[in-house]
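Peer 1: Sharing a model prediction with you, sequence too.
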Amino acid sequence: MKFLHTKVSLKKAIHQQTMNDITTDLPVAYLGPEGTYSHSALRRYFGADKAGLPLASIEDVFNSVTVGDCDYAVVPVENSSEGSVTATLDCFKKNSVIICGEISLRIKHVLMGSSQLNSGNVEKIVSHQQSLGQCRLWLDKHFSGVPRVPVSSNAEAALIASQEANVAAIASKAAAEIYHLSILAEDIEDTADNTTRFLIISKNFQAQPSKNSEDDKTSLIVTTRNEPGALLEVLEPLKRHSVNMSKLESRPSGKEAWSYSFYIDVDGHQQAANVAAALSALSKPNIDVKILGSYPVSGLVHTERARALSEPVLLGKKIVIIGLGLIGGSIARALSDRGLSSQIWAVGRDAEGLQYAQDNGVIAGYSTELESICTDADLIVIAVPGLSVAPIMQGLATLVKDDCVITDVASVKQSTLDAAEKAFGKIPSNLVPGHPIAGSEKSGFRAAQADLFLQRRVILTPAAETSEMALGLVNSLWRELGAEVLEMPVRHHDEILAATSHLPHLLAFVLVDSLSQQGSSDEIFRFAAGGFRDFTRIATSDPDMWRDIFLSNADALCAILEEFETDLAEFKQAIKMADAEQIKKVLQRVKQSRDKFLFK
């Protein structure tokens, strides 16, 4: 039987802020073919349903905007490991285009090949030159003698691998799907935070200033004469007008030998008073300045992508919280108390608790079945123990509308992505995995607190497929609840949390269990001091939730547990050998580390 309970909201409606969207009927140009990281950036920025025009080179992408074949294009400009994409920088000198946006994309490389290929019969590895560089150390370790051949794009590499039996390609997981390739290895990039920055270019559109000038960036090309002090003459006005420079790179000007142009990014919109004054001061006969555009910095998007961080962004949206326990209940309480939404609904198994939440005006209605509430939801928050996420994803896959945004609060993120991919057949572009670093040893809705997330950190782990619209909405949700929002790669998140959260809980559970089974356990606990109580407080946490966390993050947890066991054995040996000097050395090191990192 399905139960659907509704309640008329008495919240005062606040009008929705209107936004002027960028609109175009033309496709967005990008470096193709389909499946490149440029293609992923396009989907993240403009939405998964936006048509793209794949082109063979960055020069062709710029030209498509210049001649009017496309209104917008996405081009890579720099990578955190390999530096600038020089072809893009050079194209800015030759083309009259405007930078109107940027997006930074976490790059996760995958080694792939035909179904017959394995690590022992790879004769050649192909990829874009930058990707080969980003995986250099991994390739040196695992394929040191195999030739590496650069090609025009990662998707082109995947296409080649699909046609040549003994060729492996480095590309995205999306490319592996498109070209029907088997994955040989994942996450092979040398740095966990490997990130590429992409620019959005247009022929005519200039982004308007953000509410706060520091949320904007201005890019320009400055060409000077080849003479002493020329660069100082460029930098001095920036210092004088308190304009921060975030990027400076030189490239041959193309005018004469040893003449250079400087590519500069500065903080602030060109219309901001200090930036405008600095640009005016640069207008000299011996200095040529070309302003490429002002635009919102990556992570703060403009109205064309519907990512407003102001209060009205959640108003009018139907928000469904699945699992009204401590975390889900605290989200509902915070949304309700702050008047951020008048349409807060809940799904759960505890009808009594759900009724209590409705009677107290926290939610507008509830159901014990997904079908009754989720079909027309705008935002769904999955707030259940980790192993319960998979069946919920299966249920949502056939229910939710195309533009419904889904997020979760699970402590392990890879399992969320795996569950979504299995349920939907791919990682949905409207999925934004999230993890609030907040909680309590108490559980249930009655323990929920409206201020639980205030000044706490929330980590979002978007996939390459995640749309900017979805990411922006979830980012806004947590900011409105008072949290500091960070982004992190999935694997890195799970490894960090295994060390800082999952391992301490495991130790607390095991310690209490071990002592409770000793014959003198009553006496042990009766004389337990404050330190024991503080350390083992977390052992009273929800057993179901922590069982799911331990199982979901088993690999990362076991890896850090093995390191801990080694350290513990060494410390035990120092005690056994009465090595006072070593014991003191460890204790001093621990104190210094904790004082430095936890109380700085």
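Peer 2: In hand now; what should we look at?

Peer 1: so Leu238 makes contact with Met245?
Peer 2: Yes: look at Leu238 against Met245 with C-beta atoms under 8 Å: they come within range, at 5.7 Å. Placement of C-beta: from N, CA and C, glycine included.

Peer 1: shared neighbours, the two?
Peer 2: Val266 (C-beta atoms under 8 Å, 6 or more residues apart in numbering).

Peer 1: the more surrounded of those two?
Peer 2: Leu238 (19 against 14; other C-beta atoms under 10 Å).

Peer 1: For the more buried one, list the residues it contacts.
Peer 2: Neighbouring residues of Leu238 by C-beta under 8 Å, 6+ apart: 244-245, 266, 278.

Peer 1: buried sites along the helix or strand containing it?
Peer 2: If you go by DSSP states H and E, Leu238 is part of helix 230-240. For helix 230-240, the neighbour count (16 or more other C-beta atoms under 10 Å) marks 230, 233-235, 237-238 as buried.

Peer 1: what do you get for stretch 123-132?
Peer 2: Those would be 124-128, 130-132, for stretch 123-132 by 16+ other C-beta under 10 Å.

Peer 1: so Arg43 is in which element?
Peer 2: Under the criterion of DSSP H and E, Arg43 resides in helix 37-46.

Peer 1: so is the residue lying closest to Val97 once chain neighbours are set aside in a helix, a strand, or just coil?
Peer 2: Nearest residue to Val97 in three dimensions, chain neighbours excluded: Ile201, at 4.5 Å (C-beta to C-beta, 6 or more residues apart in numbering). Following DSSP: H, G, I helix; E, B strand; the rest coil, we place Ile201 in the strand state.

Peer 1: What is the burial count for Ile201?
Peer 2: Neighbour count for Ile201, taken as other C-beta under 10 Å: 31.

Peer 1: which intervals of the protein have sub-threshold pLDDT?
Peer 2: 1-24, 48, 211-213, 258, 299-313, 441, 520-521, 530, 596-600 (pLDDT under 70).

Peer 1: show me the contacts for the residue nearest to Val97.
Peer 2: Counted by C-beta under 8 Å, 6+ apart, Ile201 has contacts 62, 65, 72-75, 97-100, 293.

Peer 1: One more: Gln518?
Peer 2: By C-beta under 8 Å, 6+ apart, Gln518 lies in contact with Ile524.

Peer 1: quick check, it in a helix?
Peer 2: No: assessed with three-state DSSP, Gln518 is coil; it does not lie in a helix.

Peer 1: thinking again about what came up before, find the pair from the buried residues of stretch 123-132 with maximum spatial separation.
Peer 2: Lys124 and Gln130 (18.2 Å; C-beta to C-beta).

Peer 1: if we can go back for a sec, let's see which of the buried residues of stretch 123-132 end up in helices.
Peer 2: Mapping these onto helices (DSSP state H) picks out 130-132.

Peer 1: about what we covered before: export only the CA atoms of the helix holding Arg43, formatted as CSV.
Peer 2: Provided in CSV are the C-alpha atoms of helix 37-46 (Å, rounded to 0.1, in the frame of the first residue of the first chain):
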residue,chain,number,x,y,z
TYR,A,37,37.6,15.8,-22.6
SER,A,38,36.6,18.9,-24.5
HIS,A,39,33.4,17.2,-25.3
SER,A,40,32.9,16.4,-21.5
ALA,A,41,33.6,20.0,-20.7
LEU,A,42,31.0,21.1,-23.2
ARG,A,43,28.4,18.8,-21.6
ARG,A,44,29.3,20.0,-18.1
TYR,A,45,29.0,23.7,-19.1
PHE,A,46,26.1,23.7,-21.5
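
Peer 1: Name the surrounding residues that touch it.
Peer 2: Residues outside helix 37-46 that contact it (C-beta under 8 Å, 6+ apart) are 28, 30-32, 50, 52, 54, 72, 74-76, 101, 103, 105, 107, 153-155, 172, 174, 196, 198, 200, 301, 305, 429, 462, 464-468, 471.

Peer 1: Which ChimeraX command selects the buried ones in these?
Peer 2: The buried residues among those can be selected in ChimeraX (16+ other C-beta under 10 Å) with this line:
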select :28,30,31,32,52,54,72,74,75,76,101,103,105,107,153,154,155,172,174,196,198,200,301,305,429,462,464,465,466,467,468,471
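
Peer 1: Now, the contacts of helix 37-46 that are in strands?
Peer 2: Here DSSP state E is the test, and the contacts of helix 37-46 give 28, 30-31, 52, 54, 72, 74-76, 101, 103, 105, 196, 198, 200 as lying in strands.

Peer 1: among those, which two are most distant?
Peer 2: Greatest spacing in the ones in strands among the contacts of helix 37-46, by C-beta to C-beta: Pro54 and Gly101 (19.7 Å).

Peer 1: contact partners of the strand or helix carrying Arg594?
Peer 2: For Arg594, the element it lies in under DSSP H and E is helix 580-598. Here helix 580-598 makes contact (C-beta under 8 Å, 6+ apart) with 571, 574-575.
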